[in-house]
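*Asks:* please find the sequence and the predicted model below.
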Amino acid sequence: MRRNLAARIGVWSAHHRKTAILCWLLFVVLAAGIGGASGMVEMTNAENGAGDSARAEQILSDAGLSHRAGELVMVSSERPDGWRTAARELTTALGKTGEVTGLKAPVAAENGKDALITFEMKGDAATASDRVQPVLDAVEGVRKGQPDVTVHQFGDASAGKWLGDLLSDDFKKAEFTAVPLALGILLVAFGAVVAALLPVGLALTACMAAFGLLSLASHQLHLFQTTYSVMFLMGFAVGVDYCLFYLRRERDERAAGRDAETALRIAAATSGRSVLVSGLTVMVAMAGMFLSGLLLFKGFAVATIIVVFIAMMGSVTVLPALLSWLGDRIDAGRVPLLNRRSKRGGRGAQKESGRIAGKLLRPVLSRPKLFAAASVVVLLVLAAPALGMKTEELGLEKQFGSRSELAVAYRDISEAFPGGPAPAQVVVEADDIEAPAVRRALDGFDKVTVHRGQNVAEIEIPMEHGEADLTELREHRLPAAFDGTGAHAYVTGETAGSVDFTAQLKSGIVPVFLFIAAVTFLVMLFCFRSYVIAVTAILLNLLSVAAAYGVMVAVFQHGWGASLIGSEGVGAIESWMPLFVLVVLFGLSMDYHVFVVSRIREAHGRGLSTPAAIDEGIRRTAGAVTGAAVIMVAVFAVFGTLSMQDMQQMGVGLAVAVLLDATIVRMVLLPSVMALLGERNWRTPRGLSRLPALDHSEPEPEPGPAADPVGSVRHG
């Protein structure tokens, strides 16, 4: 019998299991070791930006005028001038650290109760957070020694230190929470310790190897600091799911009375094929992020493609080798109350596992119009809040919650000294910065630094009213000042960077969506030779994404129910989140779609009618899809409990989308729509009849090599 690629790989691995296992371990060790030694290279501000703000940062970088990390310390008292002693002590203590420059005398607020001390960290701003601890200690010393005053600090270095420590703690929390959660779910699903450990072990080793390769890649494509978290989120969830699909099919075939080798061959030819198709679909969908025009998404694309590829290859190579080596020992460490494997054998075990799914399907298939309409209405209601979605690049004061020390410092300093924590920085470039016309224009601004040798000037302008001030600055004040002078002025800073980044995302989301929609259509067309299934897959995915958007907006923009997960509404969605969620969900939903529809097509190919094939296909995949969905939802939900607002939004958005996709979409909407379409599901246009078809039939049993049966102990 002709075997597909996944079957050939699986059979080869089973018959050369020692080679397959040792090669996998060697690859993981080398990739993790070499990558870890090389370290990760993070992107610069210019690389992470877009538009005029990125141009301003690039001008400064090209001129060798790297930013120094600015810091603000506000000393407040209950009575006017009550801050003076503490401010004097603080200024002295900061000077003694040897880490600061440009230390200025305290500036009093209008109320006389607050004073602001400004300074910069010496050296490169990129490494300032590594050197800011003596400054933090100096501020803390004055805070403790002067209990009658309140001291707040906010700046690039102190916020960077806070962020770095928090990301490290959050990543450890995610890793140490997600892994036991997944292990517990798999233990319930399989009822055996070894069967539960296998997917978790393979997923973790895939992530380890991917971390190493991503570190190497970062030397060519610089990365954002949260990229590792995104990689672990995707890699662990996908790695466990792929192994789960494969292992579940092998156990189902064993329960149906197959011998070990035949069961493994069938699992390789069916679930292995689905893993390859799903993995390739996810990777190609992720490649759509290269079209966004932003380095952030290019890094996300590289990270997710690497980890999905490694997880996919591990599932179709080392997993069959391990299953071959373990044989019946896969059920070692059985938990009596959890082990559900039928001792009767036969297909009765499979029917029993789909009993609940069968009960749910019966009314759906008997009244498909009603259930299709009802499920669409539910998803559209959930999606409704997305119509009012507002996106912005969330500042650090919003990332950590309104009660965090950083947010409180930012808010109090902003109230006492409007525009202080996030001023605009105007970068002026001219052929001759000393030209009379340029000098006259610069004289119209207060805080101007001229770099004569580089023909560049920097202007600092407070931003009391955020985007309104930015619009006034860009559209009126700067053109009025510099038009006709031959100089070019570009605005950067926190507000300008957020506006430019969001604008680039809005223009980039259309080509990304068109790309992944086209990829989904072509992959589905190739897999099933049916344009109906291809179009249906795209429409179902769009409903899942829209519902996820709606829930994210309701929770994190409006704050509805945010307190239930320890979060709060911040009035906006992180600007990169909609595009990221769109791409990830389009990719991940293919896992379930290919797995379920392949099983339906397999049943239809045996001669069953479409309704009967739908019933059998969904019942036989219900256990695997439910287990995979529970694991993904659990892993994503862990990220919803982390400290940063963007991680919370990503975790909750993906968890909700997967939950909806595995329940309403796969269990109600998909079967009802396919039942309504009937035989039209399998319609192939005449012009596409020559497309190569993937075999969706169940492989016939064939004898393996007598000298090396699967499950035996092989040496050499």
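*Replies:* Received it, and whenever you're ready, just let me know what you need. Numbers count the residues shown, from 1 in each chain.

*Asks:* can you give me phi and psi for the closest residue to Phe224 other than its chain neighbours?
*Replies:* Of all residues beyond its chain neighbours, the one nearest Phe224 is Leu296 (5.1 Å), with distances taken as C-beta to C-beta, 6 or more residues apart in numbering. Where C-beta positions appear, they are placed from N, C-alpha and C, glycine not excepted. Dihedral pair for Leu296: phi -50, psi -50, per degrees, to the nearest 10.

*Asks:* which residues of the stretch 201-350 of the chain score low on pLDDT?
*Replies:* Counting by pLDDT under 70, the stretch 201-350 of the chain contains low-confidence ranges at 337-350.

*Asks:* re earlier: residues near the residue nearest to Phe224, how many?
*Replies:* 24 (other C-beta atoms under 10 Å).

*Asks:* check the gap between it and Ser229 for me.
*Replies:* Using C-beta to C-beta, to the nearest Å, one obtains 13 Å as the distance from Leu296 to Ser229.

*Asks:* strands of the stretch 601-716 of the chain, start to end?
*Replies:* For the stretch 601-716 of the chain, no strands turn up when DSSP state E, counting those that start in this stretch is the criterion.

*Asks:* give the residue spans of it that score low on pLDDT.
*Replies:* For the stretch 601-716 of the chain, counting by pLDDT under 70, the residues that fall below are 685-716.

*Asks:* helices along that one, start to end?
*Replies:* Taking DSSP state H, counting those that start in this stretch as the test, the helices found in the stretch 601-716 of the chain are 610-639, 645-660, 670-677.

*Asks:* most tightly surrounded among those?
*Replies:* The highest mean neighbour count among the helices of the stretch 601-716 of the chain, using mean count of other C-beta atoms under 10 Å, belongs to helix 645-660: a mean of 25.

*Asks:* just want the most central residue of the chain.
*Replies:* Relative to the mean C-alpha position of the chain, the nearest C-alpha, by C-alpha atoms, centre = their mean, is the one of Val230, at 4.0 Å.

*Asks:* contacting residues for it?
*Replies:* With contacts defined as C-beta atoms under 8 Å, 6 or more residues apart in numbering, the neighbours of Val230 are Phe300, Ala303, Thr304, Phe580, Met650.

*Asks:* go on, Gly36?
*Replies:* With contacts defined as C-beta under 8 Å, 6+ apart, the neighbours of Gly36 are Phe211, Gly212, Ser215.

*Asks:* returning to what we had before: closest one of the contacts of Val230 to Leu406?
*Replies:* Within those, proximity to Leu406 (C-beta to C-beta) peaks at Met650, which comes in at 20.3 Å.

*Asks:* ok, now which ones touch the closest one?
*Replies:* Contact partners of Met650, counting by C-beta under 8 Å, 6+ apart, are Val230, Leu233, Met577, Phe580, Val581, Phe636, Phe639.

*Asks:* just to check, Trp682 is in contact with His604?
*Replies:* Yes - the pair formed by Trp682 and His604 meets the contact definition of C-beta atoms under 8 Å, at 6.9 Å.

*Asks:* how close does the residue nearest to the centre of the chain sit to Ser324?
*Replies:* From Val230 over to Ser324 (counting by C-beta to C-beta), the distance is 34 Å.

*Asks:* strands of the stretch 451-600 of the chain, start to end?
*Replies:* With strands called from DSSP E, counting those that start in this stretch, the stretch 451-600 of the chain shows them at 456-461, 488-492, 573-574.

*Asks:* quickly run through the sheet partners of the shortest one, with directions.
*Replies:* So that's strand 573-574. Note on strand 573-574: by DSSP bridges, its sheet partners are strand 391-392 (parallel).

*Asks:* hmm, who's touching the strand it pairs with?
*Replies:* Outside strand 391-392, the residues within contact range by C-beta under 8 Å, 6+ apart are Ser498, Thr502, Leu505, Ala572, Ile573, Glu574, Ser575, Met577, Pro578.

*Asks:* adding distance to Leu197, pLDDT and neighbour count, write these out as a markdown table.
*Replies:* Converted to a markdown table, the contacts of strand 391-392 look like this (distance: C-beta to C-beta, whole Å; pLDDT from 0 to 100; neighbours: other C-beta atoms under 10 Å):
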| residue | distance to Leu197 | pLDDT | neighbour count |
| --- | --- | --- | --- |
| Ser498 | 45 | 82 | 23 |
| Thr502 | 44 | 83 | 20 |
| Leu505 | 41 | 83 | 24 |
| Ala572 | 42 | 90 | 21 |
| Ile573 | 38 | 91 | 25 |
| Glu574 | 35 | 88 | 24 |
| Ser575 | 40 | 85 | 23 |
| Met577 | 34 | 88 | 22 |
| Pro578 | 37 | 89 | 23 |
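
*Asks:* quick one on the thing from earlier: so for Leu370, which of the strands of the stretch 451-600 of the chain sits nearest?
*Replies:* Within these, the stretch nearest Leu370 is strand 573-574; the backing value is 34.0 Å (C-beta to C-beta).

*Asks:* that closest one: how far from the chain's middle?
*Replies:* Between the centre of strand 573-574 and the centre of its chain there are 13 Å (C-alpha atoms, centre = their mean, to the nearest Å).

*Asks:* likewise stretch 188-205?
*Replies:* Centre-to-centre, stretch 188-205 and its host chain are 24 Å apart (C-alpha atoms, centre = their mean).

*Asks:* buried residues, it. List them.
*Replies:* Of the residues in stretch 188-205, those scored as buried under the neighbour-count criterion (16 or more other C-beta atoms under 10 Å) are 189-205.

*Asks:* on the three-state scheme, Asn111 is what?
*Replies:* Using DSSP: H, G, I helix; E, B strand; the rest coil as the criterion, the local structure at Asn111 reads coil.

*Asks:* separation between Asp124 and Ala496?
*Replies:* Counting by C-beta to C-beta, the gap from Asp124 to Ala496 is 22 Å.

*Asks:* where's the residue of the chain most remote from its centre relative to Asp443, distance?
*Replies:* Each residue of the chain has a distance to the centre, and by C-alpha atoms, centre = their mean the biggest one is for Pro436: 51.2 Å. In this structure, Pro436 lies at 10 Å from Asp443, with C-beta to C-beta as the measure.

*Asks:* now Ala468
*Replies:* Relative to Asp443, and taking C-beta to C-beta, Ala468 is found at 25 Å.

*Asks:* same deal with Ser575?
*Replies:* According to C-beta to C-beta, Ser575 and Asp443 sit 36 Å apart.

*Asks:* then Thr85?
*Replies:* Here Thr85 is placed at a distance of 38 Å from Asp443 (C-beta to C-beta).

*Asks:* between those two, which has more neighbouring residues?
*Replies:* Thr85 (16 against 10).

*Asks:* the more buried one sits in which helix or strand?
*Replies:* Under the criterion of DSSP states H and E, Thr85 resides in helix 84-96.

*Asks:* list the buried residues of that helix.
*Replies:* Neighbour counts using 16+ other C-beta under 10 Å place Thr85, Ala86, Ala87, Glu89, Leu90, Thr91, Ala93, Leu94 of helix 84-96 among the buried residues.

*Asks:* same deal with stretch 469-487?
*Replies:* For stretch 469-487, the buried set under the neighbour-count rule, 16+ other C-beta under 10 Å, comprises Asp469, Leu470, Leu473, Arg474, Arg477, Leu478, Ala481, Phe482, Thr485, Ala487.

*Asks:* among those, name the ones in helices.
*Replies:* Assigned to helices by DSSP state H, the following of the buried residues of stretch 469-487 qualify: Asp469, Leu470, Leu478, Ala481, Phe482.

*Asks:* now for those residues: which two are most distant?
*Replies:* Taking C-beta to C-beta as the measure, those reach their widest spread between Asp469 and Phe482, a distance of 17.6 Å.

*Asks:* hmm, back to that, and of the contacts of Val230, the nearest to Trp12?
*Replies:* Taking C-beta to C-beta as the measure, Trp12 lies nearest Thr304 of the contacts of Val230, at 27.7 Å.

*Asks:* which residue packs closest to the closest one, ignoring adjacent ones?
*Replies:* Nearest-residue entry for Thr304: Met286, 4.5 Å, with adjacent residues in sequence omitted and distances by C-beta to C-beta, 6+ apart.

*Asks:* thanks a lot, see you next time.
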